[in-house]
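Engineer: have a look; sequence and predicted model below, questions after that.
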Amino acid sequence: MENKQGRKLLIEFPGRNYSCDRPLLYYCGKIFADRGYDVIQLDYNFRLRGNKDDIPSLIEESKEIVLKQLDMVDFSSYDDIVFVSKSMGCAVAGFCEEHYNLRARHVFLTPVDASLKYMRRGKCIVIAGKEDMILESRKLKIYCVGQDVPLKQFEEVGHSLEHPSDINKTFAILMVIIRMFKEF
């Protein structure tokens, strides 16, 4: 039997309109794969049947879909598990950690309100835009400070973490986030 100790796993949880082939998750997967992680890129958006604007119901629907995909993973064979999630995927990732009773580390990209309860000191970082309309930046900052959770908020960008009119600023933000992935 193969010795699987020392293995590392990255699971990417996309957002409602943000798949794993979009820049933040795509480059994250490449960085972690280069570091020897097995990478699972979840895809549940095409299966969602609910109202695309009702985030709480989409989260619930996504949980069922993701559990069917992750039930096949032998989490006990991994020494290091990292979840990188975007938007509503942050709540799904937190739920999965609890459901499978894991000790995963998290990168929460532009989290939603339902993901706050999963953010804990020493096991995650949070990255968001100060102009995010999904989870108000002040509320997120107050929560992270209270929980002693590292938070990086970017000026002039919203939920997409893309500058609305300056592609150079968007690339600069992406580069900062890529460096954070490399250090996590």
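Structural biologist: All right, it came through fine. What you are looking at is a predicted structure, and each value in this text was computed from that prediction instead of being measured. Residues are numbered from 1 along each chain as shown.
Engineer: now Gly94: how far from Asp113?
Structural biologist: According to CB to CB, to the nearest Å, Gly94 and Asp113 sit 12 Å apart. C-betas here are computed from N, CA, C, even on glycine.
Engineer: so for these two, which residue has more residues nearby?
Structural biologist: A count of neighbours by other CB atoms under 10 Å puts Gly94 above the other of Gly94 and Asp113, at 25 against 17.
Engineer: so which strand or helix has that one?
Structural biologist: Assigned by DSSP states H and E, Gly94 belongs to helix 88-99.
Engineer: next structured bit after that helix?
Structural biologist: That would be, after helix 88-99 and using DSSP H and E, strand 105-109.
Engineer: who's in contact with the next helix or strand after that following strand?
Structural biologist: Next helix or strand after strand 105-109 toward the C-terminus (DSSP H and E): strand 124-129. Under the criterion CB atoms under 8 Å, 6 or more residues apart in numbering, residues 105-111, 118-119, 135, 137, 140, 144, 149-154, 156-161, 177, 180, 184 lie in contact with strand 124-129.
Engineer: just the buried residues out of the residues you listed, in ChimeraX syntax.
Structural biologist: Buried residues among these (16 or more other CB atoms under 10 Å), as a ChimeraX selection:
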select :105,106,107,108,109,110,111,118,119,135,137,140,144,149,151,153,154,157,158,159,160,161,177,180,184
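Engineer: okay, angle between the helix or strand encompassing Phe171 and strand 105-109 too, please.
Structural biologist: Using DSSP H and E, the element containing Phe171 is helix 167-183. Going by axes from the mean of the first three to the mean of the last three CA atoms, to 10 degrees, helix 167-183 is angled at 170 degrees with respect to strand 105-109.
Engineer: where does the protein have its least confident helix or strand?
Structural biologist: When each helix and strand of the chain is scored by mean pLDDT, DSSP states H and E, helix 55-70 comes last, with a mean of 91.
Engineer: what angle separates it from helix 88-99?
Structural biologist: With the same axes, to 10 degrees applied, the angle from helix 55-70 to helix 88-99 works out at 50 degrees.
Engineer: helices or strands up against helix 55-70?
Structural biologist: helix 88-99 (3 or more CB pairs under 8 Å, 6 or more residues apart in numbering; DSSP states H and E).
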